[in-house]
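Engineer: Show me the folded form of this:
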Amino acid sequence: MAGRVTTGCLDFARHDKQCRMTKREKDLWQGIDPSASGALTARDYRSASFAQEISQRGVDAGELLAADRTQRRIKEASIPGVEVFARKVHPQHHRGFFGEFVRRDEGILARIGLWPKQWSAARMFAHTAKGFHVHPPSVPEGSAAADWLRRLFVDELEQYSLRRYDDEQWDVMFFLQGRVEMILCDIRAGLPRRVMRFFIDGDNHRSNNNAGVVIPPGVAHAIRVEGGEDVIMVYGTSTIFHPEFEGRIVSEIENAPLPEAWQEFLNGE
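Structural biologist: Okay, the predicted model is just below:
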């Protein structure tokens, strides 16, 4: 019947297209030396699941802020107790900008009952990184660490009054300048090991990625500067600074080793 295409014709057309694509891909790199073209790989632009994106490639903070945190896919990918919350940065034309950090009696810190006892500031030079750092969770005497942490962050996650803010260091971080990649890894006993990677913009880059972050003890955290601009950060801690609370894991990136010949000279070699 006129106007109808048989299945056989469709199969032939599809096969012909595949053959042409294969030849095109083969011819694409014909101008490259075979020893080099054999080592070529293509970037994978296929979309991944949210869990893969946040744990492997990293996502913009704005994606986390826009996501419905009650959705199962978000809950399964997020680290319990970590809070990423939006901040509003207001332009002050011809002068600069103004951004609030957080209010004690409103918003996320009021909800979880956390108000820092110490505020500090740090500057990170361009192309540098911090971490990984981790702070020890406080476990009540007579409790097994894994049982306590599962109760706190799985069974009774919203029972914020159980949290021992006075006895362990929680961090609340803000970024005033520059752009950073933050990497979090949950290494608490009894909890699944999860990784979160996301990018935050400082206040001088007004965007949906202006965010604050709450990091519980037992969650290892690292920060890398994105781009060639220094980063200025402000952070609050639930306790005053205690050096013994500062655990370091694979933090060699913070060191600036001397040239080998210099070190040999200093060692008297």
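Engineer: And the helices in the stretch 51-200 of the chain, which stretches?
Structural biologist: Using DSSP state H, counting those that start in this stretch, the helices of the stretch 51-200 of the chain run over 61-66, 72-77, 107-112, 145-150.
Engineer: what's the least confident stretch among those?
Structural biologist: The weakest mean pLDDT among those belongs to helix 72-77, with a mean of 75.
Engineer: Doesn't residue 233 lie inside a helix?
Structural biologist: No - according to DSSP: H, G, I helix; E, B strand; the rest coil, residue 233 belongs to no helix; its state is strand.
Engineer: Contacts only, for it.
Structural biologist: Residues near residue 233 by C-beta atoms under 8 Å, 6 or more residues apart in numbering: 121-124, 173-176, 180, 223. Heads up, the C-betas are built off the backbone N, CA and C, glycines and all.
Engineer: now residue 126
Structural biologist: Taking C-beta under 8 Å, 6+ apart, we find residue 126 in contact with 178, 225, 227-231.
Engineer: Going by distance to residue 269, which of the residues you listed wins?
Structural biologist: Of all those, residue 269 sits closest to residue 225, with 34.8 Å by C-beta to C-beta.
Engineer: Now do the closest one against residue 130, distance only.
Structural biologist: Applying C-beta to C-beta, to the nearest Å, the value for residue 225 to residue 130 is 9 Å.
Engineer: and for those two, which residues touch both?
Structural biologist: Taking C-beta under 8 Å, 6+ apart as the criterion, residue 225 and residue 130 both touch residue 124.
Engineer: hang on, the earlier thing: mind checking which of the contacts of residue 233 are buried?
Structural biologist: Applying 16 or more other C-beta atoms under 10 Å to these, the neighbour count classes 124, 173-176, 180, 223 as buried.
Engineer: So which of those residues belong to strands?
Structural biologist: Using DSSP state E, the members of the buried ones among the contacts of residue 233 that fall in strands are 124, 173-176, 180, 223.
Engineer: Let me know the helix or strand that residue 265 is in.
Structural biologist: Here residue 265, judged by DSSP states H and E, is contained in helix 260-266.
Engineer: How about residue 225?
Structural biologist: Using DSSP H and E, residue 225 maps to strand 219-226.
Engineer: gap between residue 144 and residue 123?
Structural biologist: Computed with C-beta to C-beta, the distance linking residue 144 and residue 123 is 41 Å.
Engineer: what's near enough to touch the residue sitting nearest the centre point of the chain?
Structural biologist: Note on the chain: the residue nearest the mean C-alpha position is residue 197, at 2.5 Å, using C-alpha atoms, centre = their mean. With contact taken as C-beta under 8 Å, 6+ apart, residue 197 is in contact with 54-59, 181-184.
Engineer: now residue 148
Structural biologist: So residue 148 contacts 139-140 (C-beta under 8 Å, 6+ apart).
Engineer: ditto for residue 92
Structural biologist: Shown in contact with residue 92 (C-beta under 8 Å, 6+ apart): residue 98.
Engineer: Tell me what it is bridged to.
Structural biologist: residue 96 (DSSP bridges).
Engineer: Pull up the gap between it and residue 206, please.
Structural biologist: Applying C-beta to C-beta to residue 92 and residue 206 gives a distance of 11 Å.
Engineer: ok, now residue 49?
Structural biologist: For residue 49 relative to residue 206 (C-beta to C-beta), the value is 30 Å.
Engineer: These two - which one has more neighbours?
Structural biologist: Ranked by neighbour count (other C-beta atoms under 10 Å), residue 49 and residue 206 place residue 206 first, with 15 against 12.
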